[in-house]
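Chemist: Quick one, fold the following:
(one chain, ligands or ions: 1)
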Amino acid sequence: MSKTRVALIGCGTIGRYHFDHFKKMDDVEVVGVCDIIPERADKFAAEVNCPAFYNFKEMYDAVNPECVFIGIPPYCHGEIEFETIARRIPMFVEKPVGLDPAQFLAIRDKIREAGLITASGLQLRYESNIPKLKEFAKKHKIVEANLMRVGGIPDTPWWKVRELSGGQLVEQTIHQVDMMRNVMGEEPVEVFSFGGKDVVKGIEGFDVEDTSISLVRFESGALATMTTGCYATGAECADNKLTFGAVDARADYYMFDKVAIYGEAEDEPEEGANAEVVKGDGRMVSKGTAKIYKPETDCGMLCDHTFIEAVQTGDPSKIKSPYEDAVKSVLFTLACNESMETGKPVKVNVNL
Ligand SMILES: NC(=O)c1ccc[n+]([C@@H]2O[C@H](COP(=O)([O-])OP(=O)(O)OC[C@H]3O[C@@H](n4cnc5c(N)ncnc54)[C@H](O)[C@@H]3O)[C@@H](O)[C@H]2O)c1
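Modeler: The predicted structure is shown next:
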């Protein structure tokens, strides 16, 4: 098979991530890289001996790629996507796919009209244990979910400015928010979010919420909490997990680490697992057991290659997060932002 001719727009942090994946793929040729900061594009281009561009249209005219990966900051979306669709170039767009619903819904509609193959950078969907979590959610009714994401502040200057990044929930925690939607197989209908700005001090221009807690109601009536923070100064306080609770079982997901399912296993209890429950008669009797699943794949590599394979075959059915679906996770997180701003619960409709 001839190599797929891939182009990259945005040679920053995530551009590097995708670029390093391409270099490991036998069936890919990077035919052009583009960044408005010339030295970034030049550096990438030199590594694979391809041309560097500082304007994406010039790159399209010159190299006519078979598909493109777009890794630009949240506030930069729009022109690139509309032009890419007009040229019918399949596109992989990094999350969040935008900050302005009018814009990203218009892009979504153009994609539909064009029947274009798309994907987004929600690579956790490709973690090998997600099917187990989805099976779990089908078998047991999830009544409560809890999400926790605590980390630090990325280096990129735009991240610290809410108008440019959307804030942590939109820009980062969208991965976990998306996982909630994906695993539970249902959509949120209402959110009530509190944001705090009292922890992180002394960073010029920093105006994103450094803490936030959201309450979520899903279609089925299931409730969720989502806790985020970007105040961590070290790995000791970083946290990243989701819990899916049912009346007879529980599943925990730890990002890039493991899935632990309690209540289904016949094997040994997890060391230190504390899953005792008070039975109906008040006795603390049941020692929970967990079945632990470790990830077996590099979900980022798989995410990128699944899109490329779809371009090669013309069959997008293996893409787990097309643009159209990624839009729904942004709408979910933007509703949380609206609630933080207004101080009121906000109805969510991700099926606009
Ligand atoms: N999927 C993930 O796990 C993951 C991880 C990190 C970042 N991201 C996402 O990737 C996006 C970019 O983040 P980043 O950390 O790489 O940012 P970054 O600032 O490091 O890089 C973005 C690059 O895009 C370039 N750019 C902006 N507008 C452009 C244009 N019109 N044409 C060409 N280049 C342009 C910038 O000059 C910059 O070099 C964000 O939406 C972020 O959320 C995703």
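Chemist: Can you tell me the number of residues neighbouring Lys95?
Modeler: A count of nearby residues for Lys95, using other CB atoms under 10 Å, gives 22. Glycine gets a C-beta too; all of them are placed from N, C-alpha and C.
Chemist: do you know how far it is from the ligand?
Modeler: Distance, Lys95 to the ligand, using CB to the nearest ligand atom, to the nearest Å: 6 Å.
Chemist: who in the stretch 1-150 of the chain is up against the ligand?
Modeler: 9-15, 34-37, 40, 56, 71-74, 76, 80, 94-95, 121, 123 (CB under 6 Å from any ligand atom).
Chemist: Sticking with the residue in the stretch 251-352 of the chain positioned nearest to the ligand, tell me its helix or strand.
Modeler: In the stretch 251-352 of the chain, the residue that lies nearest the ligand is Gly300 (7.2 Å; CB to the nearest ligand atom). Element membership of Gly300, judged by DSSP states H and E, is helix 299-313.
Chemist: chain center to that helix, what's the gap?
Modeler: Relative to its chain's centre, helix 299-313 lies at 16 Å (CA atoms, centre = their mean, to the nearest Å).
Chemist: residues near the residue lying closest to the residue of the stretch 251-352 of the chain closest to the ligand once chain neighbours are set aside, how many?
Modeler: Distances taken as CB to CB, 6 or more residues apart in numbering place Gln123 nearest to Gly300, at 4.6 Å, with adjacent residues excluded. Around Gln123 there are 21 other residues, counting by other CB under 10 Å.
Chemist: Check Glu236 too.
Modeler: Neighbours of Glu236 (other CB under 10 Å): 7.
Chemist: Ala62 too?
Modeler: 13.
Chemist: Quickly find the element holding it.
Modeler: Counting by DSSP H and E, the element that carries Ala62 is helix 56-63.
Chemist: That helix: what's the following helix or strand?
Modeler: strand 67-70.
Chemist: Just checking: what are the partner strands of that next one?
Modeler: strand 4-9 (parallel), strand 91-93 (parallel) (DSSP bridges).
Chemist: Comparing those, which stretch has the densest surroundings?
Modeler: Each of those was scored by mean neighbour count; the highest is strand 91-93, a mean of 27, by mean count of other CB atoms under 10 Å.
Chemist: what pLDDT, on average, does that one get?
Modeler: Here strand 91-93 scores 98 as its mean pLDDT.
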